[in-house]
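J.: Quick check, what structure comes out for this input:
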Amino acid sequence: MRIAMLLFFALGCTSLISAQIGDRDPFGGEKHNQVVALTAPVVAYVPTGKTAIAELRFRVQKGLHINSHTPHDHNLIPTGITLAPTAGVQVLDWAYPQGTDYALALQPNYKLSVYTGEFAVRLRVKVTAAGTQTIPATLRYQACDSNACMPPRSMPFTIEITAK
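T.: Next up is the predicted model:
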């Protein structure tokens with residue numbers, strides 16, 4: 001009897017996992033690029049040889065949250081941006097926003113550090129060559145609602161920097 005119950009539970013979990021990672025996700029079929037979106041094209045104008053700030057603004061779909069860049073639990077997937085190396089552009093440092101504490105209804109004393117709504121990441125850059133540089137970038141995140149999490153996703157985008 002115990003083996004039959006374990007088998008039934010395992011088959012049920014397999015079906016649930018398949019439903020979550022198949023063509024539709026557990027959040028009503030939204031595509032990942034609608035879960036987190038870049039709110040405007042990133043264009044920065046920089047004097048050649050000087051530093052400037054490029055601000056990357058993102059919006060998380062209403063009703064969802066993503067882990068902050070520094071989640072409270074090391075087992076959670078942090079939100080992060082990677083940039084492809086681009087000749088003539090040097091990223092000097094990053095400034096991610098502080099996350100907001102969020103508690104799930106089932107565990108009100110366990111706080112998550114998350115981003116909801118809009119958030120901005122600021123890059124301090126230095127451009128060594130005049131002209132327009134396009135930097136391929138990727139935002140990696142894991143979106144959740146109050147009951148479940150989607151698999152981690154990567155969203156490609158570009159940053160355009162013009163130096164004069």
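J.: And the residue nearest to the spatial centre of the chain, how far from Val35?
T.: Taking Cα atoms, centre = their mean, the centroid of the chain lies closest to Tyr141, which sits 3.2 Å from it. For Tyr141, the distance to Val35 (Cβ to Cβ, to the nearest Å) stands at 8 Å. Where C-beta positions appear, they are placed from N, C-alpha and C, glycine not excepted.
J.: picking that back up, now the residue nearest to the centre of the chain: phi and psi?
T.: Dihedral angles phi and psi of Tyr141 (degrees, to the nearest 10) take the values phi -160, psi 170.
J.: now do Val35
T.: According to degrees, to the nearest 10, Val35 has phi -70, psi -50.
J.: which residues does it contact?
T.: 27, 60-61, 64, 143, 150, 153 (Cβ atoms under 8 Å, 6 or more residues apart in numbering).
J.: out of these, who has the most neighbours?
T.: Looking at the contacts of Val35 with neighbours defined as other Cβ atoms under 10 Å, the largest count falls to Ala143 at 25 neighbours.
J.: how about the nearest residue to Ala103, chain neighbours excluded?
T.: Nearest residue to Ala103, sequence neighbours excluded (Cβ to Cβ, 6 or more residues apart in numbering): Lys111, at 5.6 Å.
J.: who's in contact with the one you found?
T.: With Cβ under 8 Å, 6+ apart, Lys111 has these contacts: 72, 101-103.
J.: Among these, name the buried ones.
T.: Tyr102 (16 or more other Cβ atoms under 10 Å).
J.: okay but His89 is in contact with Leu123, surely?
T.: Quick fix: residue 89 reads Val, not His. No - if you go by Cβ atoms under 8 Å, Val89 and Leu123 don't touch, sitting 9.8 Å apart.
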